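Participant: could you work out the structure for the sequence below:
(chains A, B, C and D)
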Protein chains: 2
Amino acid sequence: MLKLTKKADYGLMALKYLAEHPETPALSAKDVADAYGIPAQLLAKILQLLTKNGLLRSHAGMNGGYALARDARQISAYEVILAIDGPFFITSCIKGAKSCELTPSCTIKEPLARVNDTIAGVLKSISIQDLAEHEQPAARAHGDRVQAAHGLVALTL
Amino acid sequence: MLKLTKKADYGLMALKYLAEHPETPALSAKDVADAYGIPAQLLAKILQLLTKNGLLRSHAGMNGGYALARDARQISAYEVILAIDGPFFITSCIKGAKSCELTPSCTIKEPLARVNDTIAGVLKSISIQDLAEHEQPAARAHGDRVQAAHGLVALTL
DNA sequence: CTGAATTCGGACCGAAGAAGTCGGATATTG
DNA sequence: CAATATCCGACTTCTTCGGTCCGAATTCAG
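Facilitator: Numbers count the residues shown, from 1 in each chain, chains lettered A, B, ... in the order given. You can find the predicted model right below:
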């Protein structure tokens, strides 16, 4: 449990691949799929999702394909996962809805919501660029929740 | 995505409930299930799992039931989730297996493995006790990866 | 203009896992 | 013995994930 879907994995891989090939104006879904052995049709739909969410720019027609909509540093893993799998919450009971439908006594999620935020913070601190140069990803400052400090991230818990 | 199963939720709730009732020698699965409106038979199996993994002590027969095997402070949310849902890895490709079977070029997981460790660290730092007294859970020191410091946890990334 | 390459978008399907149920065996106590 | 429990495996149901297929619309090259 607690694992990413393959689609999210594929999406991250594809973005990483695009980030590694900044010279080419656009890469087709097939290009990327072949590079990783991913089913092309599936990846196509994933890339469509990413473009719809503003992470990629698409261009149809011959020599068309996809390209990053922003600099690789400006795209976080969080955004990618969010775009592909939708909003995630570590607790089954969605935080937005007023408490648990049938289990109002579920006081568990309050502390777990904090864990959820922590995970989101970590994911937000990782950019596609970090994945591309797969050395130690330098943690980036992000709001007041995550702050870079000598190569480690301080998370308020 | 990235959410706990209901079973894990139930397990955490049950342990929390037990932690809140230290006076009683044992609580039956039905007792806990009724308290939260959880299907009793399902919770029963979950509690069995937890006993099998040494988190609970069980006692059959009349006035039997379950009790925490250790102090609530000595049981981490991580252990509970691990016992119920098995080992989790954020990446689809299991870290143990030698790389990705068909996609050897999956360099994504290396950075994500670090995220995985981070999540595990946070989960390990939360005890059942923290859930029971659902105030700010005091972060506990844990290994050299997670270190408590003025109410916040420092995580090496 | 025609055709190839490519994105787009929906419908569809099979497999896997999650959630929950059922039934029976065993242990413990009164 | 009877009531209360844990124990344990098999089974159903439901949802989601992973993946495929097909029929468009778009763009470019010749």
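Participant: mind checking the SS state of the closest residue to DNA strand D within chain A?
Facilitator: Chain A approaches DNA strand D most closely through residue A:61 (2.5 Å), counting by CB to the nearest atom of the strand. Bear in mind the C-beta positions are built from the backbone N, C-alpha and C, glycine included. Under DSSP: H, G, I helix; E, B strand; the rest coil, residue A:61 falls in the coil class.
Participant: pLDDT score for it?
Facilitator: You'll see residue A:61 listed with a pLDDT of 96.
Participant: helices of chain A, start to end?
Facilitator: Assigned by DSSP state H, chain A shows helices spanning A:6-20, A:29-36, A:40-52, A:77-85, A:109-124, A:128-132.
Participant: re earlier: can you count the residues close to the residue of chain A closest to DNA strand D?
Facilitator: Using other CB atoms under 10 Å in any protein chain shown, residue A:61 has 6 neighbouring residues.
Participant: check the gap between it and DNA strand C for me.
Facilitator: 5 Å (CB to the nearest atom of the strand, to the nearest Å).
Participant: ok, back up a step: so for residue B:28, which of the helices of chain A sits nearest?
Facilitator: Relative to residue B:28, the nearest member of the helices of chain A by CB to CB is helix A:109-124, separated by 24.7 Å.
Participant: list the buried residues in the closest one.
Facilitator: Using 16 or more other CB atoms under 10 Å in any protein chain shown as the test for burial, helix A:109-124 gives A:109, A:111-112, A:114-124.
Participant: do it and DNA strand C meet at all?
Facilitator: No - between helix A:109-124 and DNA strand C, judged by CB under 7 Å from any atom of the strand, nothing touches; the nearest distance is 13.9 Å.
Participant: could you check the angle helix B:77-85 makes with that helix?
Facilitator: Angle, helix A:109-124 to helix B:77-85, by axes from the mean of the first three to the mean of the last three CA atoms, to 10 degrees: 90 degrees.
Participant: dump helix A:109-124 to CSV, restricted to CA.
Facilitator: Extracted in CSV, the C-alpha atoms of helix A:109-124 (Å, rounded to 0.1, in the frame of the first residue of the first chain):
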residue,chain,number,x,y,z
LYS,A,109,-7.2,11.1,10.8
GLU,A,110,-6.3,14.3,12.5
PRO,A,111,-2.8,13.2,13.2
LEU,A,112,-2.6,11.4,9.9
ALA,A,113,-3.6,14.5,8.1
ARG,A,114,-0.3,16.0,9.3
VAL,A,115,1.5,13.0,7.9
ASN,A,116,-0.3,13.6,4.7
ASP,A,117,0.9,17.1,4.5
THR,A,118,4.4,16.0,5.2
ILE,A,119,4.4,13.6,2.3
ALA,A,120,2.9,16.3,0.1
GLY,A,121,5.6,18.6,1.2
VAL,A,122,8.4,16.2,0.3
LEU,A,123,6.8,15.5,-3.0
LYS,A,124,6.5,19.2,-3.7
